[in-house]
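Chemist: Based on what follows, work out the 3D shape:
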Amino acid sequence: MNNIYWLIGNRKVGRTRLAAAMSRLRHMHVIDDWDCDFVESVLGDVTDRGEMARYARIIAEIAGHVAEYSDVVIANFLPYDECYSVLYEILDELVPIYLQCGQDIREQRMARVDNMPLACSPDIDEPWDVIIRQVFDTSTNDPDLIARLILGDPEKYQVFIGRWQPLHYGHVDMIKDTLKRGPVAVGIRNTPITESDPYTFDERVTMFKKALPVVKTFLIPDVASVNYGRAVGWTIVEEKERPGSATAIRTGRDKLPPWVAPPRILGTKSN
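Modeler: Predicted structure coming up:
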């Protein structure tokens, strides 16, 4: 699972501008007004607390799915306690960031952009029960500066590429040793379902979540070779192979690890 940043604050505190700045600095998916318009077209009126909670649930589910592949920033106006509860119910890892701004600046933005007084917009329920990671005043601070303060310097990862059909004890031991040197990201090949590749991408992601939850996973095309030119800013490390056989697990000669479900091929179990 990738990071999910949640921008909390009243209307016109600069959530959309900050989300755009974050996505410029580092690739991430922004959930904002477009998703709001789409969800409102499905739900209808989202002005009362019950409808807003339903709206927040859909936004949280979208964020959870997208976070399998990318960092996410939620910039929607989610003003009520009911929304906070829904987000925390669905999303395990949230990075809440509280934005504040002077009343006069918010009124100017509301009049300029929406051509209506600020009083037409409800204030948020103060999220005191939410563990706020950071608080920023957007009255004077540039959104690009705030984005850099939030995201910091990007981590560099040690990368593995594999089929993981399935993830076995040898894989896990090798990656655990590598984690001692720093963060690890795993590329999962998008292999077609066959007897030797019975697990889907989502099933293999689940294996990593259970066995190695601190590891990042990402989808890559099925590869024929790994090619590189000059190694600038990175190195090649050949890890020592550990005992373990995915083939033995698939064919039933070895016992399934606790993080692996029985494989299914075209709706049937493989022994």
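Chemist: ok but Val159 is inside a helix, no?
Modeler: No. If the criterion is DSSP: H, G, I helix; E, B strand; the rest coil, then Val159 is strand and not within a helix.
Chemist: and it, what does it touch?
Modeler: Val184, Ala185, Val186, Gly187 (Cβ atoms under 8 Å, 6 or more residues apart in numbering). Quick note: C-beta positions are derived from backbone N, CA and C, even for glycine.
Chemist: Double-check that the third one belongs to a strand.
Modeler: Yes. Residue assignment for Val186, taken from three-state DSSP, places it within a strand.
Chemist: give me the number of residues near it?
Modeler: Here the number of neighbours of Val186 (other Cβ atoms under 10 Å) works out to 23.
Chemist: with the contacts of Val159 in mind, which one is nearest to Asp137?
Modeler: Closest approach to Asp137 among those (Cβ to Cβ): Ala185, at 34.4 Å.
Chemist: From Thr194, how far out is that closest one?
Modeler: 26 Å (Cβ to Cβ, to the nearest Å).
Chemist: swap in Asp104?
Modeler: 64 Å.
Chemist: Below-threshold pLDDT in this protein: ranges please.
Modeler: Applying pLDDT under 70 to the chain flags the ranges 1, 33-47, 113-131, 133, 265-271.
Chemist: Would you mind measuring from the most centrally placed residue in it to Glu195?
Modeler: Closest residue to the average C-alpha location of the chain: Ala67 at 2.5 Å, with Cα atoms, centre = their mean. Distance, Ala67 to Glu195, using Cβ to Cβ: 32 Å.
Chemist: Ile4 too?
Modeler: Plainly put, Ile4 is 37 Å away from Glu195 if you go by Cβ to Cβ.
Chemist: out of those two, which sits in the more crowded spot?
Modeler: Set side by side, Ile4 and Glu195 show unequal neighbour counts under other Cβ under 10 Å, the larger going to Ile4 at 24 against 11.
Chemist: Does the more buried one touch Val95 like I think?
Modeler: Yes. Using Cβ atoms under 8 Å, Ile4 is in contact with Val95, at 6.6 Å.
Chemist: Number of residues surrounding Trp234?
Modeler: Trp234: 11 surrounding residues under other Cβ under 10 Å.
Chemist: Numbering from 19 from now on, please.
Modeler: Okay, using 19 as the starting number, the last item reads as Trp252.
Chemist: which ones are touching the nearest residue to it once chain neighbours are set aside?
Modeler: Of all residues beyond its chain neighbours, the one nearest Trp252 is Lys174 (7.7 Å), with distances taken as Cβ to Cβ, 6 or more residues apart in numbering. The contact partners of Lys174, by Cβ under 8 Å, 6+ apart, come to Gly200, Pro201, Trp252.
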